[in-house]
Structures are given as structure tokens and as C-alpha cells.
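Student: sequence first, then the predicted structure:
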Amino acid sequence: MRTIQLHLLLLGWLLALSCARPVEKPKVIAHRGYWQCEGSAQNSIASLVKAHEIGCYGSEFDVHLTADDVPVVCHEVEIRKGVFIPQVPYDSIKDIRLPNGETLPTLDQYLEKGKELEGLQLIYELKTDAAPERNRQAARVAVETVRKHGMEKRVEFITFNLEAAKELRRLAPDMPVYYLSGDLIPLQVKEFGFTGINYYYKVMLERPEWFEEAHALGLKTNVWTVDDAEEIREIARLGTDFLSTDIPEEAMAIIADL
Ligand code: MG
């Protein structure tokens, strides 16, 4: 009898402990690197270095594949008026300069620099603006290039495209893959075998229960792109694991004060 009472007491105590456990603070990801500072630019090597300097968990960047299969780091698919990255060879765009004077970085250059920046995760957004076969090719090139640099533990994939996400999961079962589109419930994301959801923060504010649902399924949660101080506080209190922002330094200070 005494043993049963002791067990019940222990169970109650453990339950109370788990309920009282404070929500862990989110880790901050610099969206397109830390670019709103001197000498930086979106998706530049400098933005990667600066994200590391201020102690971000990760630095996000966008990758398009050129017509001759060179992955380049750039957000816009139309890199110059009428010039679309998937339609042109790398040679024809390699000298394009970013606003901070750097030339257009290739994925190789990005990973090479990233490797030196210990402790910083590289959040690789696979861009998929072309045909399905080209998207699968973009996924293949992504995984091959990351493996070539031995960066499997330092790179995390994100993509809006479900087919590309499935291909990444198939090719790299050992690496994190997050889905960005916000149109799947956490259970579906779990069934596809993805690591977690990385949804627009307003989607998550409308469905705050998804944080808990995702966590209960063993999924991680990330949100994009929160640039307002009050909304950063609100999202952080909901218990997200990660938060992507264009103001990483400020966001980290806000989160530290919570
Ligand atoms: Mg992106």
C-alpha cells in the first residue's frame, strides 16, 4: 500500500514538474544573414560572418541553381531585369556585385566560409522556381555539395516546395528538413518525415496550438520572418524553438529580457 502511495506521489510530482517547466527561449536565425549593418548585404558572405559575430544560432540564405547546375546564393530569381538565374549559365552572372561590393557568392564559397564559423548553423533555403525535374536536380546538387564540404551537421534545409522537401528528405535522411509553406498540419509534416515546421509567423499566431501539437509529435518549430519587437515577444512566449528575423541582434536582446 505504502509503495503505491509513494508511486502516486512521485507521479504527481513529476507531472507538476513538467507543467511548471518554463518554455525554453527561442534561438535566433538571421534572415538572409545579418545584413542591416555596416559593410553587409543580404545573402553576402559578410552577412554570414556578421551573424556569427553576434552569436546567432543560424544564418539563413537562399540558393538558386543556374542553367548549368551551379548553385548560387541569391534571393531574387530575376537577378537583373530580364535575367533569370535558372535560365542562364553561371559565367554570365558571376561578376554581378552585391550592394556591399562582393561578387555573387556560389554555394561552394558560402559553405567554405561557413565551415570556419564554428557554432553557426547554415539554414539553406532551396529555391524552386523552375520545372519539377529541375527542382529535384536542385535538391541533388544541394545534398552533394553539402556532403562534399563535410557540412552535414552544420546545414539545415528549408523549402516552400513539398516535392523538393520530400526529395531532400530522401537524399539526406541524416539532415534536418523543414517545410515553409504553412499549408500542412503538424501531423502531415510528421508523416512526411520532416524535422519540423517553419511557417510564416502570422499563420502560427492564428493557430498557436500548432506549437504544442508539433512538439508533442517530436517536431521542431521555427517561424519567419518576425521583425517587430512586440511580435517577437509574442511568438517567443508561444514556445517556438527558433525564430527568423531581419533584426537578429535586437531580437536576441528582446528574448534575453523575457
Ligand atoms: Mg529565404
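Tutor: Sure, I can see it. Numbers count the residues shown, from 1 in each chain.
Student: which parts of the protein sit against the ion?
Tutor: Within the chain, the residues that sit near the ion (C-beta under 5 Å from the ion) are Asp62, Glu125. Any C-beta I mention is one placed from the backbone N, CA and C, and that applies to glycine too.
Student: can you list the weak-confidence ranges in the chain?
Tutor: Applying pLDDT under 70 to the chain flags the ranges 1-23.
Student: residue in the stretch 1-150 of the chain with the shortest distance to the ion?
Tutor: Per C-beta to the ion, Glu125 is where the stretch 1-150 of the chain lies closest to the ion, at 3.8 Å.
Student: what is the burial count for that residue?
Tutor: 24 (other C-beta atoms under 10 Å).
Student: bridging residues for it?
Tutor: Beta-bridge pairing for Glu125 (DSSP bridges): Asp62, Ile158.
Student: make 3 the first number, not 1, from now on.
Tutor: Got it, first residue is 3 now, which makes that one Glu127.
Student: how about the strands in the stretch 3-152 of the chain?
Tutor: Counting by DSSP state E, counting those that start in this stretch, the stretch 3-152 of the chain has strands at residues 29-32, 60-67, 73-75, 80-82, 85-86, 123-128.
Student: returning to that earlier point: quick one: the residue of the stretch 3-152 of the chain closest to the ion and Thr161 touch, right?
Tutor: Yes. Using C-beta atoms under 8 Å, Glu127 is in contact with Thr161, at 6.5 Å.
Student: now the common contact residues for the two.
Tutor: Leu182 (C-beta atoms under 8 Å, 6 or more residues apart in numbering).
Student: and stretch 123-141, what's buried?
Tutor: Neighbour-count burial for stretch 123-141, counted by 16 or more other C-beta atoms under 10 Å, picks out 123-132, 136-138, 140-141.
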